[in-house]
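Colleague: compute the structure for the input listed below.
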Amino acid sequence: MNKPDLEKARAKWRHRGEARPDVAIEPGPGQESVWDYPRPPAVVPDSRHVVARLGDHLLADSHAPIRVLETASPPVFYLPPKDVDFTLLQPDEVHTFCEWKGRADYFHVQLDGRIISHIAWSYPEPFDGFGEIKHYVSFYPEKCACFVDGERVQAQGGGYYGGWVTAEIVGPFKGQTGTSSW
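Modeller: Below you'll find the model as predicted:
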């Protein structure tokens, strides 16, 4: 993507974490509002125990995840490559583009005679400011069971974004109809 197109894509977002809009839910004790997260997103090391499973198969198990926090979106947990079972993940031909992080490469899993497409993704060459997540992997909670310190993660709605919804965060979250410029 050329620089003018990149700047145009970045400029489309109305909210940048500077003030909560009227639709924002007030966080309770121990909670975070996704409306307080910045844009461009923040990259935050985390020490909680994060697990991704598909049935009886352990896809990833980490105590060193990184959270990416972006206005209006649930956090996305990225796991170090050393904590991911790449014998189960196969590269997809699908790629997407994030105006903040760059080109994402996707993975699928083939188990028990079925293929689960686009179950995970990674940024092999992230843009400046996102080097910490280079080759780290995140998983779609709607396609596999993801856990943060034992809490089962809910998937961010809308089917495109990969946010991890836990009890500690409040929204509403982008991804649903009518939220494309949140």
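Colleague: pretty sure Arg53 sits against Ala145.
Modeller: Yes - in terms of C-beta atoms under 8 Å, Arg53 counts as a neighbour of Ala145; the distance is 4.6 Å. Just so you know, the C-beta spots here come from the backbone N, C-alpha and C atoms, and that holds for glycine as well.
Colleague: next, find the distance separating the residue most central in space within the chain from His15.
Modeller: By C-alpha atoms, centre = their mean, the mean C-alpha position of the chain lies nearest to Val76, the distance being 2.8 Å. Val76 sits 17 Å away from His15, going by C-beta to C-beta, to the nearest Å.
Colleague: just checking, the residue nearest to the centre of the chain touches Val68?
Modeller: Yes - Val76 lies in contact with Val68 (C-beta under 8 Å); the separation is 4.8 Å.
Colleague: now the helices: where do they sit in this structure?
Modeller: Using DSSP state H, the helices of the chain run over residues 3-11.
Colleague: list the contacts of the residue nearest to the centre of the chain.
Modeller: Val76 makes contact with 67-68, 138, 162-164, according to C-beta atoms under 8 Å, 6 or more residues apart in numbering.
Colleague: return the member of those nearest to Ser181.
Modeller: Distance to Ser181 across the contacts of Val76 (C-beta to C-beta) is lowest for Gly163, with 16.9 Å.
Colleague: the closest one contacts Pro74, correct?
Modeller: Yes - contact criterion C-beta under 8 Å: Gly163 and Pro74 qualify, at 3.1 Å.
Colleague: joint contacts of these two?
Modeller: With C-beta under 8 Å, 6+ apart, Gly163 and Pro74 have common neighbours 156, 173.
Colleague: how about residues contacting the worst-scoring helix or strand of the chain on mean pLDDT?
Modeller: When the helices and strands of the chain are scored by mean pLDDT, DSSP states H and E, helix 3-11 comes last with a mean of 90. Contacts with helix 3-11, where a contact means C-beta under 8 Å, 6+ apart, come from 1, 40, 99-100.
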